[in-house]
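Colleague: 3D model of this:
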Amino acid sequence: MVDEGLLMILICIFALMNDNMLKKIKELEKISLKLEPNAAARKVARKKVIEYTEGFLENIYSLKAYDLTEEKGKGIFSSPISDTPIEIDEAIKLVFDNVDTHGLNPASGGHLGYIPGGGIYYSALGDYMADITNRYAGIFFASPGAVRMENMLIDWMNGIVGYSKQASGNLTTGGSLANLIAVVTARDAHKIKSKDIEKTVIYLSEQAHHSIDKSIRIAGMGECVHRFIPIDEKFRIKPDELERMIADDKANGLIPWLVIAAAGTTDVGAIDPLDEIGDITHKYNLWFHIDGAYGGFFALTDEGKKLLKGIEKSDSVIIDPHKSLFLPYGLGVVLIKDKKHLYESHHYFANYMQDALKDADELSPADLSPELTKHYRSLRLWLPLKLLGIAPFRACLEEKLLLAKYFYDKIKNTKRFEVLLEPQLSVVVFRYIPEKGDTDAFNERILEEVHKDGRIFFSSTRINGKFMLRICVLAFRTHIETIDLALDIIIEKVELVKS
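Modeller: Here you go, the predicted structure:
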């Protein structure tokens, strides 16, 4: 029999513990509610942010494309993360002083280096809406509308490259993850096992983007035999050499399985002969992957369609809306001709996700990529396409092709300049040949002076061991005035270095 006195004591103790717990919960709730600012607080913060971003946009054409500073944003460390909050004005000032006034300004039309990004305004609004509503876009069960939106965009892009309704794809964070998904899908579709890896062969050009090599290594295929296909004077894969290498490898008991071509290389913007390569891969039953991160969306233009003839013969393609559709960084796309292969490589089942299997009449992005948690990133592409239509995007791409040709014609006809080749897309590689002295060193000095100036930014590369200057015309704010300014600055810096 339980002692009644002891029982009462235990009841009192439990009641006290419960009261203390409730008190603690209320205290924590009071503090945690700071994460939910009220309408007035939201309005104040939003007004400050809008004022700052509007000021940025209003001055964008006069801001430097590159700001070479000694501090390099170190001041951000002066305000460490802590329990003490700061006001929105102070936070914005920290961003302005330490982020937005140092280094490359990718939003500038003067950004002519690497492969420029974009940053169109309506895409930012799409991100804002997506972040506020915070739809979980990985599983159809969780947000059928968000998944339908992504799949609709995938279907549209499959149509651009000439794939059928049997194709699928995934919106990724960028070309690197997109390439990884494609390589993994190709590996599994060809049933490459670990015991076969050292006998399997991958064919690619030395112009292939470094993310290809990274994807191959991460996919566990780093020990595959790599064949670097000879390229022609325009830096394009030679199809006859590719076929010879495949035939030789098969005759020697190796297992050819993957050919990787480019629809716009980073160095020079070269487009490999996709049509001929497609025929060869079909003949020998190899997976044909195209890295079109930079050049794929030029298929929206008449000239681009001609240049990209044969892209539809591939088994997979990657394209980056944050490059040639001018979106903010953070959106790449992988397209796979046969959705069955993509699904088989990436789908999964877990007991805790059993509810997600109910009533799914669309493929879920989480079954088509390594990601389970999926940001509602389709809205950043869907909203500008719906608000603007496709025509402005097509016109902007056509404009960039013509601007690159304009720059090429001008610099080619300027005394003592050497131009590597006529641009296929929007990359021009060139250098100045001084009357005496080291040509590489002279061009390095030109680049240094351009960077110090900061009104425009372009980059460099090495081609056949030579230091070359390189511009890529792709930023949506780059117009004829920008190219004329770039030409003037280049001549100005040549004269400065000569002196």
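
Colleague: Spit out the contact partners of residue 238.
Modeller: Shown in contact with residue 238 (C-beta atoms under 8 Å, 6 or more residues apart in numbering): 229-232. For every residue, glycine as well, the C-beta is placed using N, CA and C.

Colleague: I'd like these as a markdown table, with neighbour count, pLDDT and secondary structure appended.
Modeller: Formatted as a markdown table, the contacts of residue 238 follow (neighbours: other C-beta atoms under 10 Å; pLDDT from 0 to 100; DSSP: H, G, I helix; E, B strand; the rest coil):
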| residue | neighbour count | pLDDT | secondary structure |
| --- | --- | --- | --- |
| 229 | 25 | 97 | coil |
| 230 | 13 | 97 | coil |
| 231 | 17 | 96 | strand |
| 232 | 13 | 96 | coil |
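
Colleague: What is the nearest of those to residue 466?
Modeller: For the contacts of residue 238, the residue nearest residue 466 by C-beta to C-beta is residue 231; the value is 15.9 Å.

Colleague: From what I see, that closest one and residue 239 are in contact.
Modeller: No: judged on C-beta atoms under 8 Å, residue 231 makes no contact with residue 239 at a distance of 11.0 Å.

Colleague: Strands of the stretch 1-150 of the chain, start to end?
Modeller: 66-67, 103-104 (DSSP state E, counting those that start in this stretch).

Colleague: need the ones you listed in JSON lines with distance to residue 404 and mean neighbour count, can you?
Modeller: Shown next, in JSON lines, are the strands of the stretch 1-150 of the chain (distance: least, C-beta to C-beta, whole Å; neighbours: other C-beta atoms under 10 Å):
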{"stretch": "strand 66-67", "distance to residue 404": "20", "mean neighbour count": "18"}
{"stretch": "strand 103-104", "distance to residue 404": "20", "mean neighbour count": "17"}
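
Colleague: Any chance of a markdown table for those strands, columns distance to residue 176 and mean pLDDT?
Modeller: Putting the strands of the stretch 1-150 of the chain into a markdown table (distance: least, C-beta to C-beta, whole Å; pLDDT from 0 to 100) gives the following:
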| stretch | distance to residue 176 | mean pLDDT |
| --- | --- | --- |
| strand 66-67 | 24 | 94 |
| strand 103-104 | 19 | 93 |
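
Colleague: Tell me which of those sits nearest to residue 376.
Modeller: So among those, strand 103-104 is nearest, using C-beta to C-beta, at 27.9 Å.

Colleague: quick check, distance from the closest one to the centre of its chain.
Modeller: Chain-centre distance of strand 103-104: 18 Å, with C-alpha atoms, centre = their mean, to the nearest Å.

Colleague: That one pairs with which strands, parallel or anti?
Modeller: The strands beside strand 103-104 in its sheet (DSSP bridges) come out as strand 66-67 (antiparallel).

Colleague: end to end, how far does stretch 381-399 reach?
Modeller: End-to-end span of stretch 381-399 (C-alpha to C-alpha, to the nearest Å): 21 Å.

Colleague: Can you list the neighbours in contact with it?
Modeller: Contacts of stretch 381-399 (C-beta under 8 Å, 6+ apart): 120, 122-123, 125-126, 129, 149, 152-153, 171, 297-298, 300-301, 303-304, 321, 324-327, 331, 476, 479.

Colleague: Inside strands: which ones of those residues?
Modeller: Within the contacts of stretch 381-399, membership in strands is found for residue 171, as judged by DSSP state E.

Colleague: Just the buried ones from the contacts of stretch 381-399?
Modeller: Using 16 or more other C-beta atoms under 10 Å as the burial test, these include 120, 122-123, 126, 149, 153, 171, 297-298, 300-301, 304, 321, 324-327, 331, 476, 479 as buried.

Colleague: Look up how far residue 80 lies from residue 94.
Modeller: Per C-beta to C-beta, to the nearest Å, residue 94 is found 11 Å from residue 80.
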